[in-house]
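K.L.:
Sequence first, predicted coordinates after that:
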Amino acid sequence: MPELIHARVEACYQQAEAFFKQRFARPQVSFKLRGQKAGVAHLTENKLRFNPQLYRDNQEDFLLQTVAHEVAHLIAHQLFGPSIQPHGEEWQLIMRGVYELPPHRCHSYAVERRKVSRFIYRCQCAEGDFPFSAQRHALVAKGRRYYCRRCKVTLRFSGEQRVE
């Protein structure tokens, strides 16, 4: 997997160098991205991060569109500086002029939501369940209190958990 993405990143840089007739510093490439984003360009660090799961599920479009999209951010930053808009004229120029691709801001890949545990809290007025994230549940364990807006009583952990 990484070989094809590295090769596409290099091809995008060579296209940009031929178009702008100048050399660009190559980025560090990482495959440590999860969630909904297909790729992220860290401009000041000259780093690209890609989502391996979305790549596996959408290889052809990912290599063509997503890799070029993220490389275009780094090229635009190196050419025009830090004050440009992320998907502004300069980035669009690179997408259209250099890569001859539509400047789509977002991908349309199907993203599977991760299953998460919810900790069920309740109050006295039976307002209903208050599902807390693991992070919020941990804050309660450290002493933080949350209150029901209706009856103003501290919410208490019911001992129940559910996976959503």
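P.N.:
Sure, I can see it.
K.L.:
can you pull the buried residues of stretch 9-19?
P.N.:
9, 12-13, 15-16 (16 or more other Cβ atoms under 10 Å). Yep, even glycine has a C-beta here, placed from its N, CA and C like the rest.
K.L.:
can you check stretch 110-129 too?
P.N.:
118-123.
K.L.:
ditto for stretch 137-151
P.N.:
137, 140, 148.
K.L.:
Now, those residues that are in strands?
P.N.:
If you go by DSSP state E, those have nothing in strands.
K.L.:
now these in CSV, with distance to residue 4 and pLDDT?
P.N.:
CSV is the format used below for the buried residues of stretch 137-151 (distance: Cβ to Cβ, whole Å; pLDDT from 0 to 100):
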residue, distance to residue 4, pLDDT
137, 41, 96
140, 46, 96
148, 53, 92
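K.L.:
CSV please, covering these and showing distance to residue 61.
P.N.:
As requested, the buried residues of stretch 137-151 are arranged in CSV below (distance: Cβ to Cβ, whole Å):
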residue, distance to residue 61
137, 39
140, 43
148, 47
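K.L.:
From the residues you listed, pick the one nearest residue 34.
P.N.:
residue 137 (21.5 Å; Cβ to Cβ).
K.L.:
for the closest residue to the closest one other than its chain neighbours, what are its contacts?
P.N.:
In this structure, residue 137 finds its nearest non-sequential neighbour in residue 119, 4.1 Å apart by Cβ to Cβ, 6 or more residues apart in numbering. Listed by Cβ atoms under 8 Å, 6 or more residues apart in numbering, the contact partners of residue 119 are 131-134, 136-137, 157, 160-161.
K.L.:
Tell me how far residue 119 lies from residue 142.
P.N.:
As defined by Cβ to Cβ, to the nearest Å, residue 119 lies at a distance of 14 Å from residue 142.
K.L.:
Same check on residue 154?
P.N.:
Taken as Cβ to Cβ, the span from residue 154 to residue 142 is 15 Å.
K.L.:
tell me which element residue 159 is part of?
P.N.:
If you go by DSSP states H and E, residue 159 is part of strand 156-163.
K.L.:
what does that strand contact?
P.N.:
115-123, 129, 131-132, 137, 140.
K.L.:
May I see the residues you listed organised as a markdown table, with secondary structure and distance to residue 21 added?
P.N.:
Output for the contacts of strand 156-163, formatted as a markdown table (DSSP: H, G, I helix; E, B strand; the rest coil; distance: Cβ to Cβ, whole Å):
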| residue | secondary structure | distance to residue 21 |
| --- | --- | --- |
| 115 | coil | 50 |
| 116 | coil | 50 |
| 117 | strand | 55 |
| 118 | strand | 56 |
| 119 | strand | 59 |
| 120 | strand | 62 |
| 121 | strand | 62 |
| 122 | strand | 67 |
| 123 | coil | 67 |
| 129 | coil | 62 |
| 131 | strand | 57 |
| 132 | strand | 57 |
| 137 | helix | 57 |
| 140 | helix | 60 |
